[in-house]
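Q: Any chance you could fold what I've pasted below:
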Amino acid sequence: MYTTCEDLILLSFSGGTQAVSVRPTMVSALAGTALTDLLLAERIVVNGDGVDLVDWSPLGIGYLDTVLGRIHAAGETRPVENWLDDLSDGAIDLEAAVLDAMSERGLLTADAWPLAASFTVTGFATAPKADARVKRLLDHLERKKPIKPREALLIGLAHACRLFERVLGGKELRRLAERIAHAAQLPLAGSEIVAAVTASYADAEEASSAVPAGGRHLWEWRAFWSEQVPTLAATGALAFPPGRKLSTTRVTDRYLLIPERRDSVKVRADGLEVKQLIETYGQLQAFMRKQKFKFPFVAADIATLFPRLSGLDEPIKDINGLEALLNRLNYAPRLLKARKRRFRINFDASLRYEFAEVTVRNQVHWTICVEGPDHGRILAERPRALPERGKVMGYVDFLAAVAGS
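A: Down below sits the predicted model:
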């Protein structure tokens, strides 16, 4: 017996050489398949008002019973969209739970590959015993017979997250596009789930593309490890070895730290490079795009960063002059140097990973950052890492902690 969650994962690991190399984010689609599994098992019903619980006896499948328990605990009818958000908020690592369960069943085999420097990824591939299942799932697209409701719901959810773009590639996708669209739009019990998942991906794409070029802000998730380099689990975009080379740089940055301030201010030879913090949302931080202030400038030019400088026309010729002025106005600045060996990969226009070895005060640390304009996607892409005792925090928070230790 396979769940639709498992079938969606198996499809996500298939695909020929002509297919798109990056696996799409699975979070919202997996939340939809979990609801679909509970619907097919007659534990919930879905109607125009939302999701209602009809039977909360366990199924004996850990990740589905966890979702069922959350629905029972809610104690009220809630729209499908609310449950997609709830199951995607990080409280349940649904993708990780399904991957672990499939590994235990022998449907996936573990694999590992070097990512950059000492960073490695432990990932998965379909086991030989699951290959026939993948073939059978894809055969549903080829058959002339009517598609059964369960398969139609699965096709609709896979279509919603653009999974077939990876599985089939351009030529096959065009040939089967009509049948995929037909299956995705069938009026079935559970079609509300497919519609809600489709809308969630469409909303995310629209929100990302609506940000004007040049005015885009970036969300960041970042974590640090000081005792041991982390090994990443292959979820999200890291599910496959990168299909492109990582860019590698070695830099030494000097940071200007101000107590209780979390803006990133780097001191360059010719001026300042500034990223102002806009807001913190859970484990994410949103920054304005970089601004550069070249020496010399007048104090009032950076009053948006240091409001006490407002109205001052005092010239700032170099970092020494800036430090003296900030000290005079009780900002208590500190300079801290960080040497970095940095690796970056852009998976697409809205997702970038950064892996870095950072040396501060002769101690090596490791950091991972996921960044992009869509906070929902960055939340979904937060990597699983072992050991899990990494500290989730912004760069400035980390440097301030090191400076104060």
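
Q: Would you quantify the distance from S264 to R384?
A: As judged by CB to CB, to the nearest Å, S264 and R384 stand 26 Å apart. C-beta: built from backbone N, CA, C; applies to glycine.

Q: Please apply the same query to V45.
A: 33 Å.

Q: Could you check how many residues crowd around R150?
A: Counted with other CB atoms under 10 Å, the neighbours of R150 add up to 17.

Q: Could you confirm T198 falls within a helix?
A: Yes: secondary structure assignment places T198 in a helix (DSSP: H, G, I helix; E, B strand; the rest coil).

Q: wait, it sits on A160?
A: Yes: with contacts defined as CB atoms under 8 Å, T198 counts as touching A160 at a distance of 4.1 Å.

Q: what is in contact with these two at once?
A: For the pair T198 and A160, residues contacting each of them under the criterion CB atoms under 8 Å, 6 or more residues apart in numbering are A184.

Q: So the two - more neighbours on which side?
A: Neighbours per residue (other CB under 10 Å) separate T198 from A160, with A160 holding more: 23 against 20.

Q: Output the lowest mean pLDDT helix or strand found in this protein.
A: In the chain, no helix or strand scores lower on mean pLDDT, DSSP states H and E than strand 385-386, which sits at a mean of 63.

Q: Can you name the next helix or strand after that one?
A: With elements assigned by DSSP states H and E, the helix or strand that comes after strand 385-386 is strand 391-392.

Q: List phi and psi for the closest residue to D270 other than its chain neighbours.
A: Taking CB to CB, 6 or more residues apart in numbering as the measure, D270 lies nearest to K294, with 5.3 Å between them; neighbours along the chain are not counted. Summarising the backbone geometry of K294 under the convention degrees, to the nearest 10, its torsions are phi -90, psi 140.

Q: Next, find the distance separating K294 from K317.
A: Distance, K294 to K317, by CB to CB: 11 Å.

Q: Quick check: which ranges of the stretch 201-350 of the chain have low pLDDT?
A: Counting by pLDDT under 70, the stretch 201-350 of the chain contains low-confidence residues at 204-216, 234-237, 239-245.

Q: how about the helices in it?
A: In order along the chain, the stretch 201-350 of the chain carries the following helices (DSSP state H, counting those that start in this stretch): 319-328.

Q: what ranges do the strands span in it?
A: Defined through DSSP state E, counting those that start in this stretch, the strands belonging to the stretch 201-350 of the chain, from first to last, are 218-225, 231-233, 247-257, 264-268, 271-275, 277-281, 284-287, 291-294, 297-298, 315-316, 334-348.

Q: Include mean neighbour count and distance to R150 when you put the ones you listed into JSON lines, please.
A: Formatted as JSON lines, the strands of the stretch 201-350 of the chain follow (neighbours: other CB atoms under 10 Å; distance: least, CB to CB, whole Å):
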{"stretch": "strand 218-225", "mean neighbour count": "21", "distance to R150": "35"}
{"stretch": "strand 231-233", "mean neighbour count": "20", "distance to R150": "29"}
{"stretch": "strand 247-257", "mean neighbour count": "14", "distance to R150": "44"}
{"stretch": "strand 264-268", "mean neighbour count": "19", "distance to R150": "49"}
{"stretch": "strand 271-275", "mean neighbour count": "19", "distance to R150": "48"}
{"stretch": "strand 277-281", "mean neighbour count": "13", "distance to R150": "37"}
{"stretch": "strand 284-287", "mean neighbour count": "20", "distance to R150": "36"}
{"stretch": "strand 291-294", "mean neighbour count": "13", "distance to R150": "53"}
{"stretch": "strand 297-298", "mean neighbour count": "14", "distance to R150": "65"}
{"stretch": "strand 315-316", "mean neighbour count": "18", "distance to R150": "67"}
{"stretch": "strand 334-348", "mean neighbour count": "16", "distance to R150": "31"}
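
Q: domain assignment for this structure?
A: Domain ranges of the chain: 4-208, 218-293+332-404, per automatic domain parsing.

Q: Same list, those, but as JSON lines with distance to E323 please.
A: Supplementary listing: the domains of the chain in JSON lines, determined by distance: least, CB to CB, whole Å:
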{"stretch": "domain 4-208", "distance to E323": "34"}
{"stretch": "domain 218-293+332-404", "distance to E323": "5"}
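
Q: out of those domains, nearest to T304?
A: Put simply, out of the domains of the chain the one that sits nearest T304 is domain 218-293+332-404, at 7.4 Å, with distance taken as CB to CB.

Q: gap between that closest one and the chain center?
A: Using CA atoms, centre = their mean, to the nearest Å, the distance from the centre of domain 218-293+332-404 to the centre of the chain it belongs to is 14 Å.

Q: before we move on, what about stretch 94-114?
A: Centroid separation between stretch 94-114 and its chain, computed with CA atoms, centre = their mean, is 19 Å.

Q: Check what contacts stretch 72-90 and list those residues.
A: 27-28, 30-32, 34-35, 46, 49-53, 56, 67, 70-71, 94, 192-193, 196-197, 199-200, 282-283, 376, 379-380, 382.
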